[in-house]
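> Sequence and computational prediction follow.
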Amino acid sequence: MSFRQFTTQDGSPWMPKYLTDISAELCIGCGRCFKVCSQAVMKLMGINEDGALCDPFDDDDGEVVRKVMTLEQAGKCVGCGSCEQVCGTKAQAHEPMPA
């Protein structure tokens, strides 16, 4: 399988790796990846006691057990790798795009 490869301004080869998944088990919801993403690819969500995703900001009854980042709009990812660089738990999966 071949992948799309590009070049940087100086002509060096560069292969973008796109965000394809965020592990809810590994993610601690710190938001560092969200802060460095300029494309609005991710969204912070809560996980309730049943393990289902819920709105983390509507927690009047205390049902949010923890928060995690989710992949909201994968098609907007430009493959820069910034989010992968700041993730301390290695919760993200990145892959090059097939040609």
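Noted; the coordinates are in hand. Residues are numbered from 1 along each chain as shown.

> which residues of the chain fall in helices?
Under the criterion DSSP state H, the chain contains helices at 32-36, 82-86.

> Would you indicate which residues of the last one are buried?
Yep, that's helix 82-86 we're talking about. Neighbour counts using 16 or more other C-beta atoms under 10 Å place Ser82, Cys83, Glu84, Val86 of helix 82-86 among the buried residues. (C-beta placed from N, C-alpha, C; glycine too.)

> Go through these and name the one nearest Asp58.
Closest to Asp58 out of those is Cys83 (25.4 Å), distances taken as C-beta to C-beta.

> Show the contacting residues for that closest one.
Going by C-beta atoms under 8 Å, 6 or more residues apart in numbering, Cys83 touches Leu19, Cys33, Phe34, Val36, Cys37, Val41, Met42, Gln92.

> can you give me the mean pLDDT across stretch 81-94?
Averaging pLDDT along stretch 81-94 gives 97.

> Next, the distance between the ends of that stretch.
Using C-alpha to C-alpha, to the nearest Å, the end-to-end distance of stretch 81-94 comes out at 8 Å.

> Pipe the contacts of Cys83 into TSV and attach distance to Asp60 and neighbour count per row.
Formatted as TSV, the contacts of Cys83 follow (distance: C-beta to C-beta, whole Å; neighbours: other C-beta atoms under 10 Å):
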residue	distance to Asp60	neighbour count
Leu19	32	25
Cys33	27	22
Phe34	23	17
Val36	31	15
Cys37	29	19
Val41	29	22
Met42	25	25
Gln92	31	22
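
> residue ranges with poor pLDDT in this structure?
Within the chain, the segments meeting pLDDT under 70 span 59.

> change it to 90
1-5, 49, 56-63, 97-99 (pLDDT under 90).

> Contact partners for the residue nearest to Asn48 when sequence neighbours are not counted?
Counting by C-beta to C-beta, 6 or more residues apart in numbering, Glu63 is the residue found nearest to Asn48 once chain neighbours are left out, at 4.5 Å. Residues near Glu63 by C-beta under 8 Å, 6+ apart: Gly46, Asn48, Glu49, Cys54.
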